[in-house]
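Predicted model, plus sequence, below.
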Amino acid sequence: MNIKADFPSLVEEIDYGTPQSKAEKQVTLTVDGRSITVPEGTSIMRAAMEGGVEIPKLCATDMLDSFGSCRICLVEIEGRGGTPASCTTPVGEGMVVRTQSERLDAIRRGVMELYVSDHPTGWNEKAGTGASEFDAVAKSVGLTENRYGIEGRNHVKQENGVAPGHGSLAVDYIARDESNPYFTYDPAQCIVCSRCVRACEEVQGTFALTIEGRGFESRVSAGMHEAFIDSECVSCGACVQACPTDALREKSVLAKGLPERSAVTTCAYCGVGCSFKAEVKGDEVIRMMPYKEGKANHGHSCVKGRFAYSYATHKDRILSPMIREKVTDPWREVTWEEAIAHTAKEFRRIQYQYGRTAIGGITSSRCTNEETYLVQKMVRQGFRNNNVDTCARVCHSPTGYGLGQTYGTSAGTQDFDSVDYTDVAVIIGANPASAHPVFASRLKKRLRQGAKLIVLDPRRTEMVKSAHIEADYHLPLKPGTNVAVLTALAHVIVTEGLFNEAFIRERCDWAEFQDWASFVALPENSPETVGKLSGVDPELIRGAARLYATGGNGAIYYGLGVTEHSQGSTTVMAIANLAMATGNIGRPGVGVNPLRGQNNVQGSCDMGSFPHELPGYRHISGEAVRDIYETLWGVKLDDEPGLRIPNMLDAAVDGTFKGIYIQGEDILQSDPDTKHVAAGLAAMECVVVHDLFLNETANYAHVFLPGSTFLEKDGTFTNAERRINMVRKVLEPKARYADWEATQELARAIGLDWNYQHPSQIMDEIANTTPSFAGVSFELLDRVGSVQWPCNEKAPLGTPIMHVDGFVRGKGKFIRTEYVATDERTGPRFPLLLTTGRILSQYNVGAQTRRTDNIVWHAEDRLEIHPHDAENRGLRDGDWVRLTSRSGETTLRALITDRVSPGVVYTTFHHPDTQANVITTDFSDWATNCPEYKVTAVQVGASNGPSEWQRDYDEQARNSRRIAKLEAAE
Amino acid sequence: MTVQPASTEIASRTAAIIQEMRGLEGPLLPILHGIQEEFGHVPQDSLPVIAEALNISRAEVHGVVSFYHDYRRHPAGRHVLKLCQAESCQSMGSDAVAAKIKQLLGIGFHETTRDGSVTLEPVYCLGLCACSPAAMLDGEVIGRLDDEKIEEIVTEVRS
């Protein structure tokens, strides 16, 4: 029987009722006369569904362990008495199960009748959507009567024929909780099946929900009978997804009705790359539903991907191209044709006047692989130079360099599923609970199963301690001392003989190892010495090293707290060394895993966005590689690397770089040393910004091309596990062109003969020219869902885990990692160290999330400061403070907390008016120029309000965002 | 009137109790008992302190506290009188006993007299079925309740 409501063009997923069993042994049973073979440990419910027999259920869903409370899924088993619940009864060999009989029908109807007597459907009214699982089950069990009356204790009583909602209140009535901006909790509709409570615990790992009271008084409660918004709830949506009634329901669905069609697509927020069903009604997205087949998220989501999509229709979105002579002029709306022609003319003029290398482009980690490929292709083929760079410069460029040098590939070694086999997880400079929440949920689940955790972070993050998880070792190191501490870990592993000699001899160069080992064994790298400069107790370093080396499968996960340092690349190498020395590479549960910040930052790096690399990380100086593209593109390529973003800005200030095409990146807000970026942009003659909004960079732009959201285009994103996921168009581009089409128009206008009809053709070109993508095509992705590169003849379905039989570069390379303290040091004038990070509800510079209801969680950036440092300065919680560095100053409000150590302050950079990057310096990674965001020496003092720079900036921004009113046509 | 301790004081006294019992296996229930003993009830302000200390969520603590009727959310009177309302006592006239006591004290179940002298609660079986109807006053059981015993109880709690 089919109990799902029928919406033909919606992507429907089967709910098997209980999770898949991983057992190898197979068991055969008979259900309603059908013979079904399933792994041992499978529930009867799931086995039946796999065999095509759906057993009605309320408290079971396959995202959660079975619970057995609803008494709807009862079955009869031959030779056994009674009517056991099919969700909690495992299959047995030769078992004969009946899911339908008169007795079962009568029991199910009886149970359902009891539910309905205390549920608004008792009035035969659609109190919610009228199409919940509960409604469907009532129908499917053939419920026709309700002999118990309809005056349920916990909802509105019907009086004198007055419909529910208008009658008097019953004793236990609790009003709806509308406090969450995205969903409603209506206790009257709750059947206390605990699915939401279990989803919050098992899937999300937050434990924000409980069942309070007992008997008739039992009710779902957020926190301690708090409103959802005030409770521990992180609004991931797992409870809403799990609810079989309309007790927890998306407000958008209640307001606008159920969606009519959907497509499976990929979230455009962080690098986890969750798969969602984008569900649409008319031309509006009604909700984003996590997709269970998605291999990164397995049906889970976070508040951003699940709910924060309304930026796509926000009134701030610019839908018409605009140009202006000077950045002090108001914008003038023009046609696409005029904007493109104007840009092409300007770029040609600049190249004629200042030389071929006077222009360049920046690709976006937010856009698709295909779009990124086209931007770098336009720069190389059309601008005829290599002045192309990407926002990965400011985040994970050291990952590319460091892992490339040591292992031979510029990417993480594992898939996310690998975490299920991890025994010791090490998190370095990352806070997945905020920045990669769906991965954090998976890791927390593994930790609750008993895996150990080591955290290296200056701050006591949620991963260090939160409900049911606690790090075994937290090394609260001083910002800027990563290399020293990691080398000290290696020191312990080497000097205590904890390294994996067999692995090293087989997979690595033994002589190089010995050289490295003699280096790390030096006394200056001992925990005792390093402890003094890093502020970490040497015993913690020793304990952590022993645990990682000897605790079983050790997996390292790291974030921007590793890369965004002057020794970012060195730190990545130090991490790679640790994994090699302990043999933690090349199998499930281990590895080195960068947590990528943006949805397609991996892809944008793969696609040749760097000035020195063609797609697939092949150096531009390689003749054979250049040959491939020269033949295909019909031009001679420059064999010298082009300019990186900071070099472009320097060159602009020097007067030799005059024009830039920036697709989907806000360099003014996200790049370090805002004043320098502003000066560089101001010195250019043609700045083209291609974006959804008039972002901060657009304040200095001459041409604005309206961008398209991920809902408005086809393409692919590549997530942190190298997984190439499909992005599917569910809405027409609001501004006429998807971004790849706009780039193609511009390329044509500068004389290139491009004629792509669909992004799949761009992917075909990528596959044909890039060995690691050789097997990738839209047809393959449609068929198998997703693949992880390398995907080629050797691995036709991709490569979940890398370096399985040996390192990509041949032998793994140990590299000495000498600690060099950053030039950014504290002193009497700037005695504190500022480090930066993110919070859960906001994303990056906030261009999207600030334009959604997510602002209820984070309306401003705050400066976290330790109580000691605050008291020394006479600061109270919530005071305005002035934050000063050698580069500049800004003001924001203080948040006093011992999450940060004394001497360390912390803030986020989600809001443009905070201008955190006015403070950050222009120090950067020695190898890749990745800026040192994570360490800035600062002073903090009381303040009355915004700084002069903030006021000037604000005025300039307001002026530069003016759009001229169109004159009425005569 | 009972003076409620300030929340910081609740937190520190709660922390002391937790410190004493956190080593026990399944420490939540003993800690809650300890807190009820200390304050006469389980103050709401204790809950986050317990959650933090045991590294569980506030929701979980609330779920447990609200499940057990014995954990009171508000201070009780100086005396607590529990009247058994289970099957055996019912058959021996506990309804009438309850009605009489309610009338004499001027309060219903789950209520405390205005002078704070006594709180009246129903209880479902004291294991004293042979001596029905039964009651419990401040932890001491009393069997075979009759008018005389009821008068005695009321006089005692009122004094």
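Received the coordinates, thanks.

Pretty sure B:Val141 sits in a strand.
Yes - counting by DSSP: H, G, I helix; E, B strand; the rest coil, one finds B:Val141 located in a strand.

That one reaches B:Cys129, doesn't it?
No - B:Val141 is beyond contact range of B:Cys129, at 11.7 Å (criterion: Cβ atoms under 8 Å). C-beta coordinates here come from the backbone N, C-alpha and C atoms, glycine included.

Of those two, which one has the most company?
B:Cys129 (17 against 14; other Cβ atoms under 10 Å in any protein chain shown).

After the longest helix that chain B contains, which helix or strand is next?
Ranked by residue count under DSSP state H, the longest helix found in chain B is helix B:7-21. Counting by DSSP states H and E, the next helix or strand C-terminal to helix B:7-21 is helix B:28-39.

List the buried residues for that next one?
B:28, B:31-36, B:38-39 (16 or more other Cβ atoms under 10 Å in any protein chain shown).

what does stretch B:119-137 contact?
B:76-77, B:79-89, B:91-94, B:97-98, B:101-102, B:105, B:107-113, B:141-145, B:153, B:156-157 (Cβ atoms under 8 Å, 6 or more residues apart in numbering or on different chains).

Please flag which of these sit within strands.
The strands, defined by DSSP state E, take in B:79-84, B:111-112, B:141-142 from those.

Remind me what the longest helix of chain B packs against, helices and strands.
helix B:28-39, helix B:46-54 (3 or more Cβ pairs under 8 Å, 6 or more residues apart in numbering or on different chains; DSSP states H and E).

Could I get those helices in a markdown table, plus columns for distance to A:Ile724 and mean pLDDT?
Output for the helices and strands packed on helix B:7-21, formatted as a markdown table (distance: least, Cβ to Cβ, whole Å; pLDDT from 0 to 100):
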| stretch | distance to A:Ile724 | mean pLDDT |
| --- | --- | --- |
| helix B:28-39 | 47 | 94 |
| helix B:46-54 | 42 | 95 |
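
nearest to A:Thr409, of those?
helix B:46-54 (42.9 Å; Cβ to Cβ).

could you dump that closest one to CSV, C-alpha only?
Output of helix B:46-54 as CSV, limited to C-alpha atoms (Å, rounded to 0.1, in the frame of the first residue of the first chain):
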residue,chain,number,x,y,z
SER,B,46,19.9,24.2,39.1
LEU,B,47,19.1,22.5,35.8
PRO,B,48,21.6,24.2,33.6
VAL,B,49,24.3,23.7,36.2
ILE,B,50,23.6,20.0,36.3
ALA,B,51,23.5,19.9,32.5
GLU,B,52,26.9,21.6,32.2
ALA,B,53,28.5,19.4,34.8
LEU,B,54,27.3,16.1,33.5
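
Nearest to A:His119 among the ones in strands among the contacts of stretch B:119-137?
B:Glu111 (31.6 Å).

pLDDT score assigned to that closest one?
Predicted confidence (pLDDT) for B:Glu111: 90.

Now for it: which residues touch it?
B:Glu111 neighbours (Cβ under 8 Å, 6+ apart): B:119-120.

what bridges to it?
B:Leu120 (DSSP bridges).

do you know how far it is from A:Ala549?
Computed as Cβ to Cβ, to the nearest Å, the B:Glu111 to A:Ala549 distance reads 64 Å.

low-confidence ranges in chain B?
Residues of chain B meeting the criterion pLDDT under 70: B:1-6.

Assign a three-state SS to A:Glu793, would you?
Per three-state DSSP, A:Glu793 ends up coil.

so it touches A:Ala767, yeah?
No - using Cβ under 8 Å, A:Glu793 is not in contact with A:Ala767, being 11.7 Å away.

which secondary structure element contains the residue of chain B found nearest chain A?
Residue of chain B nearest chain A, by Cβ to the nearest Cβ: B:Gly63 (3.2 Å). Here B:Gly63, judged by DSSP H and E, is contained in helix B:58-67.

Would you mind getting the angle between that helix and helix B:46-54?
Between helix B:58-67 and helix B:46-54, the angle comes out at 120 degrees (axes from the mean of the first three to the mean of the last three Cα atoms, to 10 degrees).

Now do the same for the residue most central in space within chain B: helix, strand or coil?
Geometric centre of chain B, nearest residue: B:Asp70, 5.0 Å, by Cα atoms, centre = their mean. Here B:Asp70 is coil, with the state taken from three-state DSSP.

ok, the nearest residue to A:Glu685 once chain neighbours are set aside - how many residues close by?
Spatial nearest neighbour of A:Glu685, chain neighbours left out: A:Lys658 (4.6 Å); criterion: Cβ to Cβ, 6 or more residues apart in numbering or on different chains. Here the number of neighbours of A:Lys658 (other Cβ under 10 Å) works out to 23.
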